[in-house]
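In: Test case, fold it:
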Amino acid sequence: MRIVIDEKAGPCGGVKRVIKLAERSLAAGDNVASRGEIIHNNVEIARLEKLGLQTNKETYTGSADNTAQKLLIRAHGAGPEVFERANQSGVEVIDGTCPVVTRSQKTAKKYHDQGYQVVVVGKPKHAEVIAILGHCDNQAKVVHNLDDIDQLDPQRPTFVLAQTTINETYFFKMLAAIKKHVKTVEQRNTICAFVSNREDQLRKFAAECDVVLMVGGKNSSNTRVMFGVCQSVNPRSYWIETAEDIEPQWMIDSDVVGISGSASTPDWLLKKIAAILRKEHTSAT
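Out: Below you'll find the predicted structure:
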C-alpha cells in the first residue's frame, strides 16, 4: 500500500498568518485569548492551548474575569463593535483577520454605506458572515437557501457577495435565484481563490487514489466543501479529524491511500497521519 499526501493540501495563507501571530505573541510571554476558536481545527487549537493560548467564547472582549491582556481576532474576523469594546476595556487587539475576509468586509460596508441592500450568500451563524454583517450595522441579509430570498426587497438596489469558503457552484445558483427576485443586482464573487482553485486540484488527486482521507475539523465549512469534492469523484472518501478516526476496513483492497486537508488543516497533522498509516502498513513506500 502506498500512502501519499496531497502536495496542494495544507493551510491557506490566512490560517498560516493567524497561527504565526498567536505563536509569536505566546513566545514573547504574552497572555493571549482568542475570541472563539482561532481556526476550525480542534487538533491545532489543542496544540496552541498547550503553548498558553486561551480560547474564549465569542462574546469575550477583555472582561475583568479574564487574565488575558491581548485579544486575538481569528481569521474569520469580527465586527467593529468587538474592536471598540476591547479598546474601551484597555485590551490590546491582535487582528488575525484573513486579508481576503477583510476585503469582503470593506466591500460590503462600502455598498451598505451607499444605500444598497447587501446580501451575503453563506451560513447565517458562520463567524465570517456574522463579522461581515457587523460591518453593515447588522442590516445586511444572509441567503443560505432559496427560501431566504423571500426576505429581500425586490425593488431595492442590491449587492451580493459570498462567504469566502463556500462552494462556487452553490454561490452562482443562489445568485441566479436572487436576480430573478430582485430588480437591480450588483455582485462580486468573493470566494477565496485558494478555495476555488483547490477544487479542480482535489478532484484530480481523489481520482488517482483508491481511498481518500480528508483531514479537517467537523465544524469547518471549508472541510465540508473539500470532502464533498472528494466524494463526487471517489466514493471511498472519508472525513477524519485524527488518525484515531480511521476504520481498518476502509483500507481493504487499496493500493493507494491519499491524505488531503482543508484550508484549516496544518501540514504537521497530515504528515503525522501518514506516518501512522505507514507504520501500520509496513509494505507502504
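In: for the helix or strand bottoming out on mean pLDDT in the chain, packing partners?
Out: Of all the helices and strands that make up the chain, the one with the lowest confidence by mean pLDDT, DSSP states H and E is strand 54-56; it has a mean of 86. With contacts defined as 3 or more Cβ pairs under 8 Å, 6 or more residues apart in numbering; DSSP states H and E, the secondary structure elements packing on strand 54-56 are strand 32-35. Any C-beta I mention is one placed from the backbone N, CA and C, and that applies to glycine too.
In: right, and the helix or strand after the strand it packs on?
Out: Stepping forward along the backbone from strand 32-35, the first helix or strand reached (DSSP states H and E) is helix 42-50.
In: Could you check that next one and say which residues are buried?
Out: Neighbour counts using 16 or more other Cβ atoms under 10 Å place Val43, Glu44, Ile45, Arg47, Leu48 of helix 42-50 among the buried residues.
In: Pretty sure Gly77 sits against Glu128.
Out: Yes - when contacts are counted by Cβ atoms under 8 Å, Gly77 is listed as touching Glu128 (6.1 Å).
In: Spit out the residues that contact these two alike.
Out: Shared contacts of Gly77 and Glu128, defined by Cβ atoms under 8 Å, 6 or more residues apart in numbering, comprise Val101.
In: Skipping its backbone neighbours, what lies nearest Ile149 in space?
Out: His181 (5.1 Å; Cβ to Cβ, 6 or more residues apart in numbering).
In: my guess is the one you found contacts Gln155, does it?
Out: No - shown here, His181 and Gln155 do not form a contact pair, counting by Cβ under 8 Å, at 10.7 Å.
In: more neighbours, the two?
Out: Just comparing His181 and Gln155: by other Cβ atoms under 10 Å the higher neighbour count belongs to His181, 16 against 10.
In: The protein: helices as residue ranges?
Out: With DSSP state H as the definition, the chain shows helices at residue ranges 13-27, 42-50, 80-88, 99-113, 127-134, 168-181, 193-207, 221-233, 267-280.
In: Same list (those helices) but as CSV, adding distance to Ser260.
Out: Formatted as CSV, those follow (distance: least, Cβ to Cβ, whole Å):
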stretch, distance to Ser260
helix 13-27, 15
helix 42-50, 15
helix 80-88, 33
helix 99-113, 21
helix 127-134, 22
helix 168-181, 18
helix 193-207, 6
helix 221-233, 7
helix 267-280, 8
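In: As a markdown table, the ones you listed with mean pLDDT and distance to Pro248 would be great.
Out: As requested, the helices of the chain are exported to a markdown table (pLDDT from 0 to 100; distance: least, Cβ to Cβ, whole Å):
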| stretch | mean pLDDT | distance to Pro248 |
| --- | --- | --- |
| helix 13-27 | 94 | 31 |
| helix 42-50 | 93 | 21 |
| helix 80-88 | 91 | 46 |
| helix 99-113 | 97 | 39 |
| helix 127-134 | 95 | 36 |
| helix 168-181 | 96 | 34 |
| helix 193-207 | 90 | 21 |
| helix 221-233 | 91 | 20 |
| helix 267-280 | 94 | 9 |
